[in-house]
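Novice: Predicted model follows, preceded by the sequence.
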Amino acid sequence: MNRWWSYALLIAISTAISTARVMRIDSSDAKSPTPFLSANDRSRWATIRALGDDGTYVLDPIIFSPRGGRILGWHSIDLVRHLGPDGEQHYYSSKPTLLTTLLAGEYWLVKTLTGATLAEQPHYVSRLMLVLTNVLPLAAALALLARLIDRLGGSGEVRIFTVAAACFATFLTTYAVTLNNHLTAAISLTIGLTVILPIWSGDCRGWWRFAVAGLSFGFLAANELPALSMLALVGAGLLLKSPLRTLAAFVPTALVVAAGAFGTNMVAHGDWRTPYAHRSDGPLLRMIADSLAVPLNEGRATPELIAALREQKIEVSDKPAIEQRIAGDRWKLWDESTQTELTLQRTPEGEPRGGIRVHRWDNWYDYPGSYWTPQRLAGIDRGESSPWKYAFNVLVGHHGLFSLTPLWLLSVAGCLMWLRAGDRWDGRRALAAATLLISAVVIVFYLTRPQIDRNYGGGTCCLRWLIWITPLWLLTLLPAAEWLGRSWAGRALLLALLTVSVFSANYAADNPWSHPWIFDYWTAMGWINY
């Protein structure tokens, strides 16, 4: 049978399965059923609805009822609160704005053509949008990957094996049922690889390839911050091949994406920095006496406090509002007349210079009822205390890159095999070097994060922050799979690695925002307790 017919069959089956899963997604909340599977995607859907229906990024009327209660099915913990352009405090999604803004345009088009809205027909609209946003682009990406695999691969059997792995053995298809940035980033990377590999191999250097590369790798970086390393690496490589085309086509289109990312963030939040950059207090302005903690607990701004602030040339009226965060320890001062926001944080006991620190308010995650405070964080979200234990679980443990998808062991071996083969710095060697470098940079980036970020991505079926690298790993496993495929024992090993990988990818097929099978098993055995 023609191997391209085999590719088509595999992609068609995978696409049909993903579509069927999308068409039956539903939340587990019987009181307010929606097709949203986690706080993560609810946060994005709420923003899409706010933009498409009201032309605003403000989520207040979508996530809260007029009486102030949370609206089940729409409310999310993935929120920030800060001052809006109207001078009032509002709630916003904590997610990057570019992708949700583009999807709001898609929603507006769906609403215009069908008359259906997310408020009235959330299941119909969201399922349709997931097919348009996730399933069909993924099918196209799988077709592009099949083309790259066929170009780089060896025997026909190994090429078909690798396409099958792409269709069923990775977490790309797992995440097709939920709105997320990781699948979108992987699709962007696939498009980028499709246009740049012929450039690097010297087959063709059309201007359009450089322009599309700028868009795809720029959009990749806009969806995954560590992918800035990939954007920089590709830019440097293309600059070596054709400085003129890189500067005239690749760089401008990448800057268009950057302008969209920063511009939409500025419109949404009035700041070029994303909400993730507003997770701590602003600069220290001054210290005030510890004795002021008592009136602060009572919600009073004493004349002594007002005078101390004005000495620092902080504009504040005589009666600012005091909002208690942690009794006897932390407060927020808000003065509506001067639009002044301050944090008042008591120093820990035992510090040589005791008192209350006054900071500019810049912690958008600190608001009444926020989940993202040390007192409220629970379970895996508290973060792994031991960096070494975290590294173990990220690589071979309950969220392990190699324990959940052992096929990636072939990718490591394949990269080394391509690097050792031949004397020319051809496309395969460049691809292997880039894969090893980017994988190492991204993994080290996440391994060296502070404890609050060492949370394995929260309630998720894998270390989701690495999903976007999947296309690189699929391509670089080819030489190792080719070598193993020469013997019956090697083929048996390939099937075993594929079987475990397919099982892991499908264990959470109904809801990727759930823990991996290894995590569930270890929890049931009492080996871990998050």
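Specialist: Structure received.
Novice: Partner strands of the helix or strand of the chain with the lowest mean pLDDT and their direction?
Specialist: Among the helical and strand segments of the chain, the one scoring lowest on mean pLDDT, DSSP states H and E is strand 321-326, with a mean of 83. Strand 321-326 pairs in its sheet with strand 330-335 (antiparallel), by DSSP bridges.
Novice: The helix or strand just after the partner strand: partners in the sheet, and parallel or antiparallel?
Specialist: Where DSSP states H and E defines the elements, the next helix or strand beyond strand 330-335 is strand 340-346. When pairing is defined by DSSP bridges, strand 340-346 lines up against strand 330-335 (antiparallel), strand 356-360 (antiparallel).
Novice: then strand 340-346 to PDB, C-alphas only?
Specialist: In PDB, the C-alpha atoms belonging to strand 340-346 read as follows (Å, rounded to 0.1, in the frame of the first residue of the first chain):
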ATOM      1  CA  THR A 340      -3.500  55.800  44.500                       C
ATOM      2  CA  GLU A 341      -2.900  52.100  45.300                       C
ATOM      3  CA  LEU A 342      -0.500  51.000  48.000                       C
ATOM      4  CA  THR A 343       0.500  47.800  49.700                       C
ATOM      5  CA  LEU A 344       1.200  47.900  53.500                       C
ATOM      6  CA  GLN A 345       3.100  44.800  54.500                       C
ATOM      7  CA  ARG A 346       4.200  44.200  58.000                       C
END
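Novice: For His90, give me phi and psi.
Specialist: phi -140, psi 160 (degrees, to the nearest 10).
Novice: Is it bridged to anything, and to what?
Specialist: Applying DSSP bridges, one finds that His90 bridges with His82.
Novice: number of nearby residues for Glu482?
Specialist: Neighbour count for Glu482, taken as other Cβ atoms under 10 Å: 21. To be clear about C-beta, it is placed using only N, CA and C from the backbone, and glycine gets the same treatment.
Novice: ok, for it, nearest residue in space, not its chain neighbours?
Specialist: Leaving aside its chain neighbours, Glu482 sits nearest to Gly154 (3.9 Å; criterion: Cβ to Cβ, 6 or more residues apart in numbering).
Novice: my guess is that neighbour contacts Ala480, does it?
Specialist: No - contact criterion Cβ atoms under 8 Å: Gly154 and Ala480 do not qualify, at 10.6 Å.
Novice: the more surrounded of those two?
Specialist: More neighbours surround Ala480 than the other of Gly154 and Ala480, with 23 against 15 (other Cβ under 10 Å).
Novice: Could you report the pLDDT at the residue sitting furthest away from the middle of the chain?
Specialist: Going by Cα atoms, centre = their mean, the residue of the chain most distant from its centre is Pro303, 46.4 Å out. Predicted confidence (pLDDT) at Pro303: the value is 89.
Novice: One more: Val412?
Specialist: 98.
Novice: pLDDT weak spots in the stretch 201-350 of the chain?
Specialist: 350 (pLDDT under 70).
Novice: Give me the residues contacting stretch 381-388.
Specialist: 371, 377, 390, 393, 447-448, 450-456, 458, 530 (Cβ atoms under 8 Å, 6 or more residues apart in numbering).
Novice: ditto for stretch 510-524
Specialist: Stretch 510-524 has contacts (Cβ under 8 Å, 6+ apart) with 21, 25, 37-38, 40-41, 171, 174-175, 177-178, 180, 397-400, 403-404, 458-462, 464, 503-504, 507-508, 528-530.
Novice: List buried residues within the residues you listed.
Specialist: Burial by neighbour count, 16 or more other Cβ atoms under 10 Å: within those this picks out 21, 25, 37-38, 40-41, 171, 174-175, 177-178, 180, 397-400, 403-404, 458-462, 464, 504, 507-508, 528.
Novice: quick one on the thing from earlier: for the residue farthest from the centre of the chain, give its distance to Gln324.
Specialist: Relative to Gln324, Pro303 is positioned 20 Å away (Cβ to Cβ, to the nearest Å).
Novice: Let's see which of the buried ones among the contacts of stretch 510-524 end up in strands.
Specialist: The strands, defined by DSSP state E, take in nothing from the buried ones among the contacts of stretch 510-524.
Novice: List the ones among those residues that fall in helices.
Specialist: 21, 40-41, 171, 174, 403-404, 504, 507 (DSSP state H).
Novice: For the residues you listed, could you give me CSV that also reports distance to Ala143?
Specialist: Compiled in CSV, these are given as follows (distance: Cβ to Cβ, whole Å):
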residue, distance to Ala143
Arg21, 20
Asn40, 28
Asp41, 26
Phe171, 19
Thr174, 19
Ser403, 30
Leu404, 26
Ser504, 24
Tyr507, 26
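Novice: how about stretch 464-483 as CSV, C-alpha atoms only?
Specialist: Output of stretch 464-483 as CSV, limited to C-alpha atoms (Å, rounded to 0.1, in the frame of the first residue of the first chain):
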residue,chain,number,x,y,z
ARG,A,464,2.0,20.8,29.4
TRP,A,465,4.7,23.5,29.1
LEU,A,466,6.8,21.2,26.9
ILE,A,467,4.0,20.1,24.5
TRP,A,468,5.0,22.7,21.9
ILE,A,469,8.4,21.0,21.3
THR,A,470,6.6,17.8,20.2
PRO,A,471,7.1,18.3,16.4
LEU,A,472,10.9,18.5,17.0
TRP,A,473,10.9,15.3,19.0
LEU,A,474,8.9,13.5,16.4
LEU,A,475,11.2,14.3,13.6
THR,A,476,14.4,13.5,15.5
LEU,A,477,13.3,10.1,16.6
LEU,A,478,13.5,8.9,13.0
PRO,A,479,17.2,7.6,12.9
ALA,A,480,16.9,5.7,16.2
ALA,A,481,13.6,4.1,15.1
GLU,A,482,15.2,3.2,11.8
TRP,A,483,18.1,1.5,13.6
